[in-house]
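Novice: following is a predicted model, sequence given first.
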Amino acid sequence: MANTSPSRQLEKVNNGTASENDKSYWLTVINNKPINEVIIHYNYIGLSFEKSIFVKLIIGLIEE
C-alpha cells in the first residue's frame, strides 16, 4: 500500500518534494454532536478490514 501517512505527506509538502503522483485519502465527517471515534469498514485486495480512528477536535477562532 502506498505511504499515505499524513505526517509524511505534510513533511513532503513543507520540503517542497510533494508531487501530484502522491496518493492522498481523506474523510469528512459532520455531525451536530462531538465525534470521538470513526470506524471505517473497507475492502482491499478482496479482504475485509476495519479501522478505528480516534478524533482529536481542535476548535479555533476564525476572524473575518
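Specialist: Alright, I've got the coordinates.

Novice: now do the residue most central in space within the chain against residue 38, distance only.
Specialist: Compute the mean C-alpha point of the chain, and by CA atoms, centre = their mean the closest residue is residue 26, 4.5 Å away. Between residue 26 and residue 38 the computed distance is 12 Å (CB to CB, to the nearest Å). For every residue, glycine as well, the C-beta is placed using N, CA and C.

Novice: residue 20 now?
Specialist: 27 Å.

Novice: who's more crowded, these two?
Specialist: residue 38 (12 against 5; other CB atoms under 10 Å).

Novice: hang on, the earlier thing: give me the pLDDT value at the residue nearest to the centre of the chain.
Specialist: On pLDDT, residue 26 comes in at 73.

Novice: likewise residue 55?
Specialist: 78.

Novice: touching, it and residue 36? I think so.
Specialist: Yes: assessed by CB atoms under 8 Å, residue 55 is found in contact with residue 36 at 5.9 Å.

Novice: who does the helix or strand harbouring residue 39 pair up with?
Specialist: Here residue 39, judged by DSSP states H and E, is contained in strand 37-44. Here strand 37-44 has these sheet partners by DSSP bridges: strand 47-54 (antiparallel).

Novice: residues in contact with the strand it pairs with?
Specialist: 36-43 (CB atoms under 8 Å, 6 or more residues apart in numbering).

Novice: and those as TSV, adding distance to residue 50 and pLDDT?
Specialist: Shown next, in TSV, are the contacts of strand 47-54 (distance: CB to CB, whole Å; pLDDT from 0 to 100):
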residue	distance to residue 50	pLDDT
36	17	84
37	12	86
38	11	87
39	6	90
40	7	89
41	5	91
42	8	88
43	11	89
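
Novice: which of these has the most neighbours?
Specialist: residue 38 (12 neighbours).

Novice: now the residue nearest to the centre of the chain. Its backbone dihedrals?
Specialist: phi -150, psi 160 (degrees, to the nearest 10).

Novice: spit out the contact partners of it.
Specialist: So residue 26 contacts nothing (CB under 8 Å, 6+ apart).

Novice: that one and residue 10, how far apart?
Specialist: In terms of CB to CB, residue 26 sits 13 Å off from residue 10.
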